[in-house]
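>>> Quick one, fold the following:
(one chain, ligands or ions: 1)
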Amino acid sequence: MTFSVPPLPYSYDSLEPYIDTETMKEHHDFHHTAYVTGLNQVISEVPQAKGYSLTKLLSETIHDKSIDAAIRKRINNFGGGHYNHSLFWQFMSKDSNAKDIDPQFTAWLKKENFDLEKLKDVFNKSAMSIFGSGWVWLVYVDGKLDIIGTTNQDPVLSLGVNYIPILGLDLWEHAYYLKYKHERKKYVEEWWSVVNWKNVSKFFVEYALKGKPIDVKDDGSIN
Ligand code: MN3
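As a prediction, the model looks like this:
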């Protein structure tokens, strides 16, 4: 077993009442685990990918035409699932506080003609426009701000290592259906109450500004 599920950085009930305990248990223990199990399985079938980092798999291997397309699709789906969820747990905290936003992040928003309110507005609209399962992301691309949707578990990294996801929201029904049912809009709006601005700032300053892809380790940890 190469890849493993990271422990949640907080307890299952930490994000109540915005994200309920049952959803967190299912989401982390079942869904994230299933992506990791699938990734370990597919990697065991591709000897040349043995020992590759998650970053390499998702930025290079999935584009390597010498590998069977169906295998690459599985690496994309399961590897993307592992990468995206490892980030997602870090995007949230019970101690969400906008005071934790790094001034460099605020300055960047301003340079890009954004502020926090506009960011939330554009991000939420993008979240509502995703059809079916997917994610919405705030990304840093060569210094510019972009808000993009991805479908299924496609990782932002597959667009290029210069696409650095600073914040992202899981829009699969498994992320909210137990509590919010069909009310995706309510979930999207409430979710901002648990955004971990400390980590968003860290991803911006330590990765985006340095032009480095966020290096999610095999065990889902991020330095
Ligand atoms: Mn999910």
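
>>> residues touching residue 46, list them.
61, 67, 71, 75 (C-beta atoms under 8 Å, 6 or more residues apart in numbering). Glycine gets a C-beta too; all of them are placed from N, C-alpha and C.

>>> need the contact list for the first one.
If you count contacts by C-beta under 8 Å, 6+ apart, residue 61 has them with 46, 49, 52, 67, 72, 75.

>>> from these, which ones fall inside helices?
residue 72 (DSSP state H).

>>> Farthest-apart pair in the contacts of residue 61, please.
Pairwise distances across these (C-beta to C-beta) peak at 12.6 Å, for the pair 52 and 72.

>>> Have a look at those two and say which one is more surrounded.
Counted by other C-beta atoms under 10 Å, residue 52 and residue 72 do not tie: residue 72 has more neighbours, with 21 against 18.

>>> I figured that one hits residue 62, correct?
Yes. Counting by C-beta atoms under 8 Å, residue 62 is a contact partner of residue 72 at 5.0 Å.

>>> What sits closest to residue 42 if chain neighbours are left out?
residue 74 (4.3 Å; C-beta to C-beta, 6 or more residues apart in numbering).

>>> quick one: the one you found from residue 162, how far?
With distances taken as C-beta to C-beta, to the nearest Å, residue 74 is found 25 Å from residue 162.

>>> sorry, back to before: tell me how many other residues crowd the residue nearest to residue 42.
Using other C-beta under 10 Å, residue 74 has 19 other residues around it.

>>> what's near enough to touch whichever residue of the chain sits closest to the ion?
Proximity of the chain to the ion (C-beta to the ion) peaks at residue 170, 4.2 Å away. Counting by C-beta under 8 Å, 6+ apart, residue 170 touches 27, 84-85, 88, 135.

>>> In helices, which of the residues you listed appear?
Per DSSP H, the subset of the contacts of residue 170 in helices is 84-85, 88.
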